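In: give the three-dimensional model of this entry:
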Amino acid sequence: MFGMFLLTLLLYIDRICISVAKDPIAADLGLSDKMMGWVLSAFALGYALLQVPSGMMADRYGPRSVLAGIVTFWSMLTAMTGAAWNFLSLLVVRFLFGAGEAGAFPSLSRAIFSWMPLRERGVVIGLNFSGSRLGAAFALPLVAWMIDGIGWRTSFFILGVVGIIWALIWWFAFRDSPEEHKGVSSDELDYILAHRQQLDTSEKGALNWSVLSRSRNMWSAIGQYFCSNFTFFFALTWLFPYLKQKYDLASVEAGWYAVAPFIAGAIGNWVAGGMVDGVFQKGKWNLSRKMPAMIGFFLAAVGLLLSLQMDTAFGAVAMLSLAIFGADMTLPPSWALCVDIGKKNSGAVSGTMNMAGNVGSFLTALAFPYLTAWTGSDDFFFYTAAALNVLALFLWMNVKADRGLAH
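Out: Model (predicted):
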């Protein structure tokens, strides 16, 4: 669990640093906001396209070797970002970086299925995703400070080295199942085996794509996650430059303001994770997934709309923090649902959902600068995001977590 938490922390430190470095990168390489939008979207596109293949790799080869390999790969691409010399080189590096990061959460889902009891799944996933939000929050002022002190190129080199160190530790410390780990006591092993989700004999084979394509659970998961990522990816890409420009803030000051939504997101993951497990332990499996997700999407829509009524950076950040708190409340039930219905194919099922979500991310990174240029205001972007959150709320009504992919 600690290793997974550190990975999600690193994942988002590496991911958000491009947003913090936007201005010096754009100045050095002569890039416009629309060109930077394509750079940010290139990551999301690579990330989306490799979700399913990387998830299937984790199901087949195990999260130990897959994670060690992909973290090494994307850490090298993080370092190579610092060597970019023009728009095209940066675009290619960020696309490959996104492709490398694609396998992280599907591989973690596969590890969660093998290691974590079903009734503790919400808290585990909530802690994992809170690491990603804390990583983003931590990175905003830290990377701004690093860039001011040592430049954006050297900052990316240093972050790449940190990732390779994590990959080495994971390879030597982790095993794909508790049965393979010599450090697991007999009492702990017995507890895990007694309480983790069990398989039916008919479900031990490879993923049946015809069943996947006909599953209402799968399509609901795909649709709602697209909507969730459309909101969150704004915070990950454009929030920092948006606050800096709209409220005329210095880089470090904007970094500190931009921390708040990510802290709120971490808290949203903790709250929803606890809610998932608390409701599940009362015997209400479906409600344990639906309730936190539906509450979260409602809060996200309200926060986005209220942020437009604020006149100060503090007020806007407060409402955007409410929006990200709500959007992140949807993550533990979403990923718990994927493990519920995917079981031994959790990597591929969660990868499918995450692929759709990151199509939303891809569109967000482009929609914000293009809609703002088209309409002359950023308001239409926020209205669009709020409408998608309302749509996602209704999509959750179709979910039946206890029915698997057959529903």
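
In: mean pLDDT per helix and strand in this protein: which one sits at the bottom?
Out: Ranked by mean pLDDT, DSSP states H and E, the weakest helix or strand in the chain is helix 209-214, scoring a mean of 73.

In: quick check: buried residues in the next helix or strand after that one?
Out: Next helix or strand after helix 209-214 toward the C-terminus (DSSP states H and E): helix 216-237. With burial defined by 16 or more other Cβ atoms under 10 Å, the residues of helix 216-237 counted as buried are 217-218, 220-237. The C-beta positions use only the backbone N, C-alpha and C, and glycine is treated the same way.

In: just stretch 396-407 next, same as before
Out: Trp396, Val399, Lys400, Ala401, Gly404, Leu405, His407.

In: can you redo the residues you listed as TSV with pLDDT?
Out: As requested, the buried residues of stretch 396-407 are arranged in TSV below (pLDDT from 0 to 100):
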residue	pLDDT
Trp396	92
Val399	86
Lys400	86
Ala401	79
Gly404	72
Leu405	73
His407	68
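
In: next, the angle from the helix or strand containing Trp256 to helix 216-237.
Out: Assessed by DSSP H and E, Trp256 sits inside helix 251-280. Per axes from the mean of the first three to the mean of the last three Cα atoms, to 10 degrees, the angle that helix 251-280 makes with helix 216-237 is 160 degrees.

In: hang on, the earlier thing: in helices, which of the buried residues of stretch 396-407 fall?
Out: Among the buried residues of stretch 396-407, no member is found in helices (DSSP state H).

In: give me the phi and psi for Gly103.
Out: phi -80, psi 0 (degrees, to the nearest 10).

In: hang on, Ala144 packs against Val20?
Out: Yes - Ala144 is in contact with Val20 according to Cβ atoms under 8 Å; the separation is 5.3 Å.

In: more crowded one of the two?
Out: Val20 (29 against 24; other Cβ atoms under 10 Å).

In: for Ser32, see how far away Gly357 is.
Out: In this structure, Gly357 and Ser32 are 27 Å apart, going by Cβ to Cβ, to the nearest Å.

In: between the two, which has more neighbouring residues?
Out: Applying other Cβ under 10 Å to Gly357 and Ser32 shows that Gly357 carries more neighbours, namely 29 against 11.

In: so who does the more buried one touch?
Out: For Gly357, the contacting residues are Ala48, Tyr225, Phe226, Ser228, Asn229, by Cβ atoms under 8 Å, 6 or more residues apart in numbering.

In: gap between it and Leu88?
Out: According to Cβ to Cβ, Gly357 stands 27 Å off from Leu88.

In: so what does the least confident helix or strand of the chain touch, helix or strand wise?
Out: The contact analysis (3 or more Cβ pairs under 8 Å, 6 or more residues apart in numbering; DSSP states H and E) places helix 209-214 against no helix or strand.

In: buried sites along it?
Out: Neighbour-count burial for helix 209-214 [16+ other Cβ under 10 Å]: Leu212.

In: coming back round to it: pLDDT of the helix holding Trp256, averaged?
Out: Confidence for helix 251-280, expressed as mean pLDDT, is 87.

In: I'd like the distance from that helix to the chain centre, please.
Out: 12 Å (Cα atoms, centre = their mean, to the nearest Å).

In: how far away from the center of its chain is the helix or strand just after it?
Out: Toward the C-terminal end, the helix or strand that comes next after helix 251-280 (DSSP H and E) is helix 285-307. Averaging C-alpha positions (Cα atoms, centre = their mean) puts helix 285-307 17 Å from its chain's average.

In: helix or strand right after helix 285-307?
Out: helix 313-329.

In: so the helix or strand that that next one is followed by versus helix 216-237, what angle?
Out: The helix or strand immediately downstream of helix 313-329 is helix 331-342, counting by DSSP H and E. Our comparison of helix 331-342 with helix 216-237, counting by the same axes, to 10 degrees, yields an angle of 150 degrees.

In: distance check, Val143 against Ile25.
Out: Using Cβ to Cβ, Val143 is found at 12 Å from Ile25.

In: more neighbours, the two?
Out: The neighbour comparison of Val143 against Ile25 (other Cβ under 10 Å) goes to Val143, with 25 against 21.

In: show me what contacts the closest residue in space to Ser321 that isn't next to it in sequence?
Out: Spatially, and ignoring its direct neighbours in sequence, Ser321 is nearest to Ala264 (3.8 Å; Cβ to Cβ, 6 or more residues apart in numbering). If you count contacts by Cβ under 8 Å, 6+ apart, Ala264 has them with Ser321, Leu322, Ile324, Phe325, Asp328.
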